[in-house]
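> The following comprises the amino acid sequence and a computationally predicted model.
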Amino acid sequence: MKLSARSNISPFIVMEVMAAAAAREAQGGDVLHLEVGQPSTSAPGGVLDAAHQALRDNRIGYTLALGLPELRQAIAQHYSDAYRVTVNPEYIVVTTGSSAAFLLSFLALFDPGSRVAIASPGYPAYRNILRVLNIEAVLVPCTAETGFQPTPELLRIAAQGGRLDGLLVASPANPTGSMLDSAQLQALGAHCRAQDMALISDEIYHGITYGKVAHTALEFSRDAIVINSFSKYFSMTGWRLGWMIVPEEMLRAVERISQNLFISPPSLSQYAALAAFDCHDELKANAAVYAANRELLLRELPKAGITRFAPADGAFYLYADVSHLTRDSERFCRRMLAETGVAATPGVDFDPENGHLFIRFSFAGSTGVMAQAAARLKDWLA
């Protein structure tokens, strides 16, 4: 059987680390999970209650391709409450996770051969989805000097290899946790308008920040495409529900593609998510745990000799420079799992060029797990 060339993409390495961790557990070994970016908390109680009610009412058929009108209205209200931004609910598209929103954005905006800039290090599925669609992912090397975020100057350098058709930014970002402040986000939006580039803003970690304000691109660029999700702050990963906000001229294209690829987002998840915006007390308590985990690791990991991190201003990750310990982060993570039971993700998942010098720790789990992991690493690396 001949497979398509487009199927020859890099694996999502964090999923392979999860598989190795599961194999260790199946053999009776214990694992401290710092590899996967998934909240260890359940969906909020109100969401669970709403899901039970939807099941009792048999509300599990197809919905409109763009999502339940009442959920789109609730999302619009969230932008008014959280950002003081007015969003027309008609331009909100409910999606099967943020993953579907990225796919829909890329399909609606770019033709094969288009060039889209993304920060490196960055979420690996960005570049892999683009490559499956025969769209060129232009990796923009971002370092500590720019806070691991792209700048207009870096985009001008990237454009020397050919016109850029789009820019995808993430704030807070995975794996670094770095954020764009209002001036930076405004400057990138202005650059994209001047160069006639589409701007896609990944905002799925909004709500999980540490002393900084998360800005939506819609504050500065009304033609930006904003993507968010119920997976992270709302603690609903397996419910596979996200959303996107698109300009008016893009809406019908997204709707047509969504109708054919997905029919509709999961109905049960949508009815459950209607309650999510009433659960902020519970969700803020979850975020407080992430803050405590972050503080613990930033205090304890240096005692293990891991001292250099990207600015973890949001999300629930520490992107650690381990170049003084290894030149092969994949091998380092395999050894760490085998010898300590601590699972973490090698940086090559996020940065094909320099990721061999970095690893990512997720602190989305319990504070007790973080404390155990730091203690084991201190013993291992001492």
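Ah, there it is. Numbering: from 1, shown residues only.
> C-alpha from now on. contacts and neighbour counts both.
Will do.
> A214 - nearest residue in space that isn't next to it in sequence?
H206 (6.2 Å; Cα to Cα, 6 or more residues apart in numbering).
> For that neighbour, give its distance to Y83.
11 Å (Cα to Cα, to the nearest Å).
> Just want to know which of these two has more residues nearby.
More neighbours surround H206 than the other of H206 and Y83, with 21 against 14 (other Cα atoms under 10 Å).
> For that one, what is the enclosing helix or strand?
In the assignment (DSSP states H and E), H206 maps to no helix and no strand.
> ok now do it, which residues does it touch?
S171, P172, A214, Y233, G314, A315 (Cα atoms under 8 Å, 6 or more residues apart in numbering).
> burial count for the second one?
Neighbourhood size, P172 [other Cα under 10 Å]: 27.
> could you pull out the helices for the protein?
Ranges of helices within the chain are 13-26, 45-56, 69-83, 97-109, 124-132, 152-158, 182-194, 248-261, 267-273, 280-300, 329-340, 367-381, based on DSSP state H.
> looking at these, which has the lowest confidence?
Note on these: helix 13-26 shows the lowest mean pLDDT, a mean of 84.
> Mind listing residues that contact that helix?
Under Cα under 8 Å, 6+ apart, the answer for helix 13-26 is D30, V31, E35, V36, L337, A343, A344, T345, P346, D349.
> List buried members of the residues you listed by neighbour count.
Among the contacts of helix 13-26, those buried by neighbour count (16 or more other Cα atoms under 10 Å) are V31, E35, V36, L337, A343, A344, T345, P346, D349.
> For the contacts of helix 13-26, work out which two are farthest apart.
Spatial extent of those (Cα to Cα) is set by the pair D30 and D349 at 23.9 Å.
> which residues touch the nearest residue to M336 once chain neighbours are set aside?
Distance criterion Cα to Cα, 6+ apart; nearest residue to M336, sequence neighbours excluded, is V342 at 6.1 Å. Counting by Cα under 8 Å, 6+ apart, V342 touches V31, L32, H33, L34, M336, A373, R376, L377.
> which one among those gets closest to L133?
L34 (31.2 Å).
> hmm, back to that, model confidence score at the residue nearest to A214, please.
98.
> And it, how far from N174?
Using Cα to Cα, H206 is found at 12 Å from N174.
> Touching stretch 124-139 from outside, list them.
6-7, 9-10, 12, 102-103, 106-107, 110-120, 158, 349-351.
> domains of the chain?
5-43+280-381, 61-277 (automatic domain parsing).
> Out of these, the one nearest A50 is which?
The nearest among those, by Cα to Cα, is domain 61-277 at 4.8 Å.
> First-to-last residue distance for that closest one?
Terminal-residue distance, domain 61-277 (Cα to Cα): 23 Å.
> going forward can the numbers begin at 25, since that is how I track them
Sure, I'll start numbering at 25, so the last one becomes domain 85-301.
> Rank the contacts of helix 37-50 by pLDDT and give me only the lowest.
Out of the contacts of helix 37-50, that is V60, at 86.
> Confirm for me that it is in contact with S386.
Yes: using Cα atoms under 8 Å, V60 is in contact with S386, at 6.2 Å.
> and of the contacts of helix 37-50, the nearest to K26?
Among these, and counting by Cα to Cα, the member closest to K26 is D373, at 26.8 Å.
> quick one: contacts for that closest one?
Shown in contact with D373 (Cα under 8 Å, 6+ apart): F36, I37, V38, Y147, P148, G379.
> ok, so what distance separates it from A197?
14 Å.
> picking up where we left off before, give me the buried subset of the contacts of D373.
Buried, going by 16+ other Cα under 10 Å: I37, V38, Y147, P148, G379, out of the contacts of D373.
> What is the most widely separated pair among the residues you listed?
Taking Cα to Cα, no two of the buried ones among the contacts of D373 sit farther apart than V38 and G379, at 13.2 Å.
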